[in-house]
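Trainee: sequence first, then the predicted structure:
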Amino acid sequence: MNRHVRYAVARFLGVDLATATDEQVRRVDFYTTLVEAHTVRMLLRFEDFRPSCG
């Protein structure tokens with residue numbers, strides 16, 4: 001999990017990770033995973049970012 005993305009998501013959600021509850025941390029981690037997965041999906045749409053098969 002990219003810490004920069006995690007802090008950006010936390011900031012967007014209004015969560016201070018230094019004082020966050022376990023539930024808030026779980027929510028930040030969940031949305032961070034979604035953001036990272038969406039980024040990978042977007043990159044794979046472009047030929048240059050697709051892995052070569054051979």
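Mentor: Cool, got the structure.
Trainee: which residues touch the nearest residue to Met1 once chain neighbours are set aside?
Mentor: The shortest distance from Met1 to any residue that is not its chain neighbour, by Cβ to Cβ, 6 or more residues apart in numbering, is 5.7 Å, and that residue is Thr32. (Glycine included, C-beta is placed from N, CA and C.) For Thr32, the contact set (Cβ atoms under 8 Å, 6 or more residues apart in numbering) comprises 1-2, 5-6, 9.
Trainee: distance-wise, check Thr32 relative to Ser52.
Mentor: Distance, Thr32 to Ser52, using Cβ to Cβ, to the nearest Å: 29 Å.
Trainee: picking up where we left off before, the contacts of Thr32 in helices, which ones?
Mentor: The helices, defined by DSSP state H, take in 5-6, 9 from the contacts of Thr32.
Trainee: in PyMOL, how would I select the buried members of those residues?
Mentor: This is how PyMOL selects the buried members of those, with burial counted by 16 or more other Cβ atoms under 10 Å:
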select buried, resi 6+9
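Trainee: what does Ala18 show for phi and psi?
Mentor: Listed backbone geometry of Ala18 is phi -70, psi -30, with angles given as degrees, to the nearest 10.
Trainee: count the residues that sit near it.
Mentor: Number of residues near Ala18 (other Cβ atoms under 10 Å) recorded here: 6.
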